[in-house]
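Engineer: generate coordinates for the sequence data below:
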Amino acid sequence: MFQFTTTNVINSNKDVTTGKPLWSAQGADEDKPASFNVKRVNKFLAPNVVSIYKAEANDPEMAKVTLDLSQINGTDGESYRLSVYIGLTQASQESRYANDLILKGKPFTVDFVWKTSATDVAANLVKIINKYAVLVYGEKLLNVSCNGSCLTIEAVNEYQRFRKVNIEKFDKDAYRGRGEYNPVRTLENLTEKPSAELTGAVEGYFVGKEGFGTYSYLLHNLRIPTAMRTRAFGVNLDENPIIGAKYNQYTIHYCTDRGVLGTNAVGDTVKSVTTHVFYVNKNVAGEFEAALQTIAPTKGIVSVQPKQR
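Structural biologist: Predicted coordinates for the structure are as follows:
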């Protein structure tokens, strides 16, 4: 009730209703403090600004795992299984991954027989996985490739996460001949590395990173394309995200002295603290930030990293 936050998407410094600048800044004068005015939001006065934070937009990076099958030392005729569990971040609610657990996820397994060499096995696995995905699901759930004996498995969207990637060997003598699969190579055997280093010939894994300030991010979190949002002559159509654009986030924490309004004591003064969030198209973000510097506190505009879910 008492947490007041505004959220606006800015694509241009031209107000569509008046044709005038959407924002403007005024430096401090003899009797007036510096100010930053955004039409239909607020006129921010420098003395009342508590803090300003900036989160830079970034593209998504897909989760990726590279396994070197030569580390297994398999022999011809042995039975193995690639066991993968794909989870989703909380930003995705794709029904295909629905289960009876708190977090969505889906198992994905491929049996294979070791033949000739690790290089041949890796190439054969790529064929099997691609065929399996097309026949069962109608589209790719994973991007797979190989480079020599290295098998690379990559997510197809920014929300997929590899919770488990095991190479398991079948022990036919276990459980009185009924057999069982035992892991021989897992994610725990690998080292986490930046995505750029996993070129296909280097073993390791990258967790994955969701995009921030992208068209998809704004569509999912801020501007859901409802009929009212997309209709002709809709309200605030100028704030609809643009396909392919990226948006920096600027957050202003603002505190205003409201005077004697409290009821806890005689002359009890009250302050109102509000939060104002702007997603600014990177094409005009430099101009917006320069104007915002006019009211920045002593510590300036603080850069922060977007939180991953």
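
Engineer: where do the helices of the stretch 101-250 of the chain begin and end?
Structural biologist: Taking DSSP state H, counting those that start in this stretch as the criterion, the stretch 101-250 of the chain carries its helices at 118-137, 174-177, 215-221, 227-230.

Engineer: residue farthest from the centroid of the protein?
Structural biologist: If you look at how far each residue of the chain sits from its centre, by Cα atoms, centre = their mean, the farthest one is Val266, at 49.5 Å.

Engineer: circling back: nearest to Ala25, out of the helices of the stretch 101-250 of the chain?
Structural biologist: helix 215-221 (25.1 Å; Cβ to Cβ). No exception for glycine: its C-beta is placed from N, CA and C like everyone else's.

Engineer: and the contacts of that closest one?
Structural biologist: With Cβ atoms under 8 Å, 6 or more residues apart in numbering as the test, helix 215-221 has contacts from 9, 91, 158, 210-211, 225, 241-245, 247, 279.

Engineer: which of those fall in strands?
Structural biologist: Judged by DSSP state E, those include Val9, Tyr247, Tyr279 as members of strands.

Engineer: can you read off the pLDDT for Arg309?
Structural biologist: Model confidence at Arg309, given as pLDDT, is 61.

Engineer: then Tyr132?
Structural biologist: pLDDT for Tyr132: 82.

Engineer: one more: Asn236?
Structural biologist: On pLDDT, Asn236 comes in at 81.

Engineer: and for it, the neighbour number?
Structural biologist: Counted with other Cβ atoms under 10 Å, residues neighbouring Asn236 total 12.

Engineer: then Thr119?
Structural biologist: 15.

Engineer: ok, it - contacts?
Structural biologist: Cys146, Gly148, Ser149.

Engineer: give me the PyMOL select line for the residues you listed, limited to the buried ones.
Structural biologist: The PyMOL command for the buried members of the contacts of Thr119 (criterion: 16 or more other Cβ atoms under 10 Å) is given here:
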select buried, resi 146+149
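
Engineer: now the contacts of Thr119 as TSV including distance to Gly19?
Structural biologist: Shown next, in TSV, are those (distance: Cβ to Cβ, whole Å):
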residue	distance to Gly19
Cys146	58
Gly148	61
Ser149	64
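
Engineer: mark which of the contacts of Thr119 are part of strands, please.
Structural biologist: Checking these against DSSP E, those in strands are Cys146.

Engineer: so where's the stretch 201-309 of the chain uncertain?
Structural biologist: For the stretch 201-309 of the chain, applying pLDDT under 70 flags the ranges 308-309.
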